[in-house]
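Undergrad: structure of the sequence below:
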Amino acid sequence: PPLIQAQSAIFQSSLGKSIQLRCSAVVPFDTKIYWHRIDNNTTIKFRQQQKQKTAGDIIQTVLYLKEIDKTDFGLYSCIADSKAGQSHATIELREHRRSTNSKVIENNDLSTSRMTMLKRNKISDQTTMSIETSQASSCFSLLYLSFTMIQIILYNLT
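TA: Okay, here's the model as predicted:
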């Protein structure tokens with residue numbers, strides 16, 4: 001059966017935001033990949049879009065959810081279906097809520113722990129912003145690399 005993995009098992013988002021749920025699969029040529037809600041409702045709505053990218057035996061699929069509303073929170077399954085079998089990876093989309101007890105730090109203020117971390121790593125605050133935004137793409141790159149390694153191992157075993 002196809003080998004499939006989600007970028008993350010739990011994903012948090014706020015109401016009104018747009019997000020991307022990602023998964024990758026090492027698959028035979030006849031494989032179909034699609035997204036499904038665990039409650040058996042398909043995820044095709046006017047605010048949702050699916051895109052796939054293929055590189056050899058690896059397919060990366062992204063489900064775009066625009067302007068999240070309460071009905072979007074729940075379990076999503078990325079399914080790889082082929083003649084060899086079926087595999088799936090599940091992602092839970094949760095609502096991200098700010099704690100009422102949390103202190104909001106102004107843009108020009110740094111907490112002591114954050115300032116210590118920045119000094120230790122010799123990084124400016126502006127650089128940290130770009131690191132935070134590229135964290136998701138870095139995670140996805142690691143996922144892609146792990147699938148490539150699995151593919152190489154499986155190829156050498158056969």
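
Undergrad: which strand residues bridge the residue nearest to residue 57 when sequence neighbours are not counted?
TA: Distance criterion Cβ to Cβ, 6 or more residues apart in numbering; nearest residue to residue 57, sequence neighbours excluded, is residue 26 at 5.4 Å. Every C-beta, even on glycine, is put in place using the N, C-alpha and C of the backbone. Beta-bridge pairing of residue 26, defined through DSSP bridges, involves residue 3, residue 58.

Undergrad: burial measure for residue 26, as a count.
TA: Using other Cβ atoms under 10 Å, residue 26 is surrounded by 21 other residues.

Undergrad: tell me where the protein has strands.
TA: Listed in chain order, the strands of the chain (DSSP state E) span 3-6, 10-13, 19-26, 32-37, 48-55, 58-65, 74-82, 85-95.

Undergrad: low-scoring stretches of the chain, by residue?
TA: Applying pLDDT under 70 to the chain flags the ranges 40-50, 99-158.

Undergrad: switch to 50 and redo it
TA: 43, 46, 101-111, 117-118, 123-137, 139 (pLDDT under 50).

Undergrad: what comes up buried for stretch 11-25?
TA: Buried residues in stretch 11-25, counted by 16 or more other Cβ atoms under 10 Å: 11, 13, 19, 21, 22, 23, 24, 25.

Undergrad: if we take those residues, which one ends up nearest to residue 39?
TA: residue 21 (15.7 Å; Cβ to Cβ).

Undergrad: what's the neighbour count on the residue lying closest to the closest one once chain neighbours are set aside?
TA: The shortest distance from residue 21 to any non-neighbouring residue, by Cβ to Cβ, 6+ apart, is to residue 63 (4.4 Å). Using other Cβ under 10 Å, residue 63 has 20 other residues around it.

Undergrad: wait, residue 63 touches residue 35, no?
TA: Yes - with contacts counted by Cβ atoms under 8 Å, residue 63 reaches residue 35, the gap being 4.7 Å.

Undergrad: picking up where we left off before, who does the residue nearest to residue 21 bridge with?
TA: So, taking DSSP bridges as the rule, residue 63 has residue 21, residue 50 as bridge partners.

Undergrad: who's in contact with residue 74?
TA: 37, 38, 39, 92, 93 (Cβ atoms under 8 Å, 6 or more residues apart in numbering).

Undergrad: now which of those residues would you call buried?
TA: So, by 16+ other Cβ under 10 Å, the buried ones in the contacts of residue 74 are residue 93.

Undergrad: no further queries at this time; thank you.
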